[in-house]
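Engineer: Curious how this folds, go ahead:
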Amino acid sequence: MSKFKIILPFLVVVILSACGDKYEGDYSYKVGDFTFTNQDGEQVSKSDLEGKFWVVDFIFTNCTTVCPPMTSNMADLQKQLKEAGLEEEVQLVSFSVDPKKDTPKILKDYAKARGGTFDNWHLLTGYEFETIKELSIKSFKAAVEKIADSNQVMHSTRFFIVTPEGNAIKGYDGRDQANMEKIVQDIEDMS
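Structural biologist: You can find the predicted model right below:
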């Protein structure tokens, strides 16, 4: 009985340490739960994405600066993932930071005009601005703020890799097309 008392705590520590996130990145931020509406009017939740890698960005269709190239780069990333045979294992998720204007149809047309398809890409809306601001800050440590006296929103230009367990672990400049190849390579290395 005394051997059991000595060994039990050791076993608990070993078992619990094996339950951690197995993917190494630059950080590990747990992505909060959500259920939002995608470009097809379907509900998509964090639990729908579990078990796969996802690449996340924050955009809005009325953006006059960074969002058009970011969205084109996400479409390019989608093509590269397909070429690498990873389209089944990786989901792309674009959260609108202007959900009042960005309806499902507007988001769908926006991504389609930049070469995107929707087998593994969810463009999400259907929430209040404060909801996406909180998700961005708490889950990705990325600021979101409305710009006074304009229809523009300041937001992250990063593409984030999220693990199958739902932890954001890496970020890349989504404006830089060369980073799309790096994202594919990093996901291949982790798969």
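Engineer: Partner strands of the strand or helix carrying residue 92 and their direction?
Structural biologist: Element membership for residue 92, per DSSP states H and E: strand 90-96. Taking DSSP bridges as the criterion, strand 90-96 forms sheet pairs with strand 53-59 (parallel), strand 121-124 (parallel).
Engineer: Figure out which of these is closest to residue 43.
Structural biologist: strand 121-124 (9.8 Å; C-beta to C-beta). Every C-beta, even on glycine, is put in place using the N, C-alpha and C of the backbone.
Engineer: Regarding the closest residue to residue 96 other than its chain neighbours, what is its secondary structure?
Structural biologist: Once flanking residues are discounted, residue 96 sits nearest to residue 102: 3.9 Å by C-beta to C-beta, 6 or more residues apart in numbering. Three-state assignment for residue 102 (DSSP: H, G, I helix; E, B strand; the rest coil): coil.
Engineer: do the same with residue 170
Structural biologist: Residue 170 ends up strand, using three-state DSSP.
Engineer: Tell me if I'm right that it and residue 28 touch.
Structural biologist: No: using C-beta atoms under 8 Å, residue 170 is not in contact with residue 28; the gap is 9.8 Å.
Engineer: Compare those two and say which is more crowded by neighbours.
Structural biologist: Using other C-beta atoms under 10 Å, the more surrounded residue of residue 170 and residue 28 is residue 170, with 22 against 15.
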